[in-house]
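K.L.:
need coordinates for the below:
(one chain, ligands or ions: 2)
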Amino acid sequence: QFTPRVFSGIQPSGGLTLGNYLGALKRFSEMQNEGRDCIYCMVDLHAITVWQDPDKLRHNTRELTAGFIASGVDPEKSILFNQSAVPEHAQLAWIFNTVARMGWMQRMTQWKDKAGKNAEKASLGLFAYPALMAADILVYHATHVPVGEDQKQHIELTRDVAAKFNHDYGVDFFPMTEPVIEGAATRVMSLRDGSKKMSKSDPSDASRINLTDDADTIAKKIRKAKTDPDALPSEAKGLEDRPEARNLVNIYAAFTNQTVDQVLAEVGGKQFAEFKPMLADLAVAKLSPISTEMARLLDDTAEIDRILARGAEQAREITVPILKKTYEIVGL
Ligand code: ADP
Ligand code: NA
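P.N.:
Ligands and ions are numbered 1, 2, ... in the order given. Next up, the predicted model:
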């Protein structure tokens with residue numbers, strides 16, 4: 001009985017990578033263009049679970065907004081806003097803090113990775129991050145969340161929160177949200193190490209392509225990407241134990257909206273010395289218009305602020321009644 005609705009967010013924690021683009025932003029605009037009801041958010045309250053310099057955070061939020069728009073998210077079609085401007089996210093998160101269990105949070109792999117051995121010194125917010133993420137999604141009754149593979153566990157937790165709330169209060173109020181993890185690049189790997197995901201927080205800049213990299217930098221990073229000495233196989237199963245090779249083919253497939261087998265039908269038998277320049281040309285052709293458009297949009301921060309303010313108003317038309325009803329259910 002829940003109307004289909006798409007929600008997703010990205011942290012304004014500084015810089016966007018090819019992983020964010022292929023795993024998230026490109027999918028966001030595709031889902032919008034399928035005519036779906038889409039809501040996209042700069043999750044600044046998530047970003048501050050680790051220290052952010054206030055002026056940089058303000059800049060990063062605008063830069064991320066420019067990244068969304070330059071990637072094809074149209075504020076006339078999708079709702080685009082900043083999380084902290086819609087207070088119902090944090091208000092519902094508090095209720096979910098009382099629904100979710102400590103043990104659920106302790107099992108989150110992102111918590112274990114980010115807090116590491118120094119969990120005593122991590123912020124309480126970093127621990128509770130998944131409850132806020134559940135609130136982000138459920139405060140819209142969102143049914144579908146496009147994300148990269150790394151977020152799958154958090155969506156499962158969102159379903160657990162919804163199920164426990166519905167059960168505890170004897171209602172059918174929150175939907176069982178589905179992750180949408182589709183396409184050839186749901187987990188883009190580091191260009192230097194095929195066992196690590198490409199990330200803006202990796203200390204090695206050569207490990208990632210940033211959406212703001214210029215054409216020469218993109219080409220150089222791809223040329224220097226780690227690979228193996230073998231030629232490309234003609235079918236996907238030939239990439240099974242070749243994570244670096246598979247990653248580059250996945251990237252090519254995602255950019256061209258093909259399957260890995262379709263790409264290999266075209267490039268199977270080629271050496272990397274030949275394939276890498278093809279991939280570099282493709283990446284430059286796809287990413288240059290995005291970085292140019294981001295720079296243009298960032299010239300007019302007043303316009304970005306206006307878009308975010310309007311998006312927050314549209315978002316609150318949905319969140320205020322859902323929070324009000326939640327309070328009634330809880331007895332607040
Ligand atoms: P990051 O992981 O770069 O710090 P976020 O946690 O804000 O950024 O993630 C934003 C979105 O980008 C999420 O949907 C996440 O799954 C996706 N994403 C991040 N890195 C990758 C990657 N290497 N491959 C595919 N998707 C990714
Ligand atoms: Na992430």
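K.L.:
for the host helix or strand of residue 26, packing partners?
P.N.:
Using DSSP states H and E, residue 26 maps to helix 26-33. With contacts defined as 3 or more Cβ pairs under 8 Å, 6 or more residues apart in numbering; DSSP states H and E, helix 26-33 has these neighbours: strand 6-10, strand 38-42, strand 144-146. No exception for glycine: its C-beta is placed from N, CA and C like everyone else's.
K.L.:
now the closest residue to ligand 1 within the chain. Nearest residue, chain neighbours left out?
P.N.:
Nearest residue of the chain to ligand 1 (Cβ to the nearest ligand atom) works out as residue 23 at 2.0 Å. Closest residue in space to residue 23, ignoring its immediate chain neighbours: residue 148 at 3.4 Å, by Cβ to Cβ, 6 or more residues apart in numbering.
K.L.:
where does the protein have its least confident helix or strand?
P.N.:
helix 109-115 (a mean of 93; mean pLDDT, DSSP states H and E).
K.L.:
up against ligand 1, what does the stretch 151-300 of the chain have?
P.N.:
Contacts of the stretch 151-300 of the chain with ligand 1, taken as Cβ under 6 Å from any ligand atom, map to 151, 186, 187, 188, 197, 198, 199, 200.
K.L.:
so which pair among those residues is furthest apart in space?
P.N.:
With distances taken as Cβ to Cβ, the most widely separated pair in those is 186 and 200, at 17.3 Å.
K.L.:
compare neighbour counts for these two and give me the winner.
P.N.:
residue 186 (23 against 14; other Cβ atoms under 10 Å).
K.L.:
look up phi and psi at that one.
P.N.:
phi -80, psi -10 (degrees, to the nearest 10).
K.L.:
pLDDT at the nearest residue to it once chain neighbours are set aside, what is it?
P.N.:
Spatial nearest neighbour of residue 186, excluding adjacent residues (Cβ to Cβ, 6+ apart): residue 149 at 4.6 Å. As predicted, residue 149 sits at a pLDDT of 94.
K.L.:
next one: residue 294
P.N.:
97.
K.L.:
against residue 304, how distant is it?
P.N.:
Applying Cβ to Cβ, to the nearest Å, the value for residue 294 to residue 304 is 11 Å.
K.L.:
mutual contacts of those two, please.
P.N.:
Both residue 294 and residue 304 are contacted by residue 66, under the criterion Cβ atoms under 8 Å, 6 or more residues apart in numbering.
K.L.:
related to what we said a few turns ago, which of the helices and strands packed on helix 26-33 sits most buried?
P.N.:
strand 38-42 (a mean of 25; mean count of other Cβ atoms under 10 Å).
K.L.:
centre of the chain to it, how far?
P.N.:
Averaging C-alpha positions (Cα atoms, centre = their mean, to the nearest Å) puts strand 38-42 11 Å from its chain's average.
K.L.:
quick one: it near ligand 1?
P.N.:
No: judged by Cβ under 6 Å from any ligand atom, strand 38-42 and ligand 1 are separated, with a smallest distance of 9.5 Å.
K.L.:
tell me the helices and strands packed up against the helix or strand harbouring residue 221.
P.N.:
Using DSSP H and E, residue 221 maps to helix 215-223. Applying 3+ Cβ pairs under 8 Å, 6+ apart, we find helix 215-223 packed against helix 272-298.
K.L.:
list the buried ones in the helix it packs on?
P.N.:
Using 16 or more other Cβ atoms under 10 Å as the test for burial, helix 272-298 gives 272, 275-276, 279-280, 283-284, 286-287, 290-291, 293-294, 297-298.
K.L.:
and stretch 102-118, by the same measure?
P.N.:
Buried residues in stretch 102-118, counting neighbours by 16+ other Cβ under 10 Å, are found at 104, 105, 108, 111, 114, 115.
K.L.:
now tabulate the residues you listed in a markdown table and tack on distance to ligand 1.
P.N.:
Converted to a markdown table, the buried residues of stretch 102-118 look like this (distance: Cβ to the nearest ligand atom, whole Å):
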| residue | distance to ligand 1 |
| --- | --- |
| 104 | 19 |
| 105 | 17 |
| 108 | 13 |
| 111 | 13 |
| 114 | 10 |
| 115 | 15 |
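K.L.:
which of those lies closest to residue 262?
P.N.:
residue 108 (35.6 Å).
K.L.:
how's this structure carved up into domains?
P.N.:
6-180+300-330, 205-295 (automatic domain parsing).
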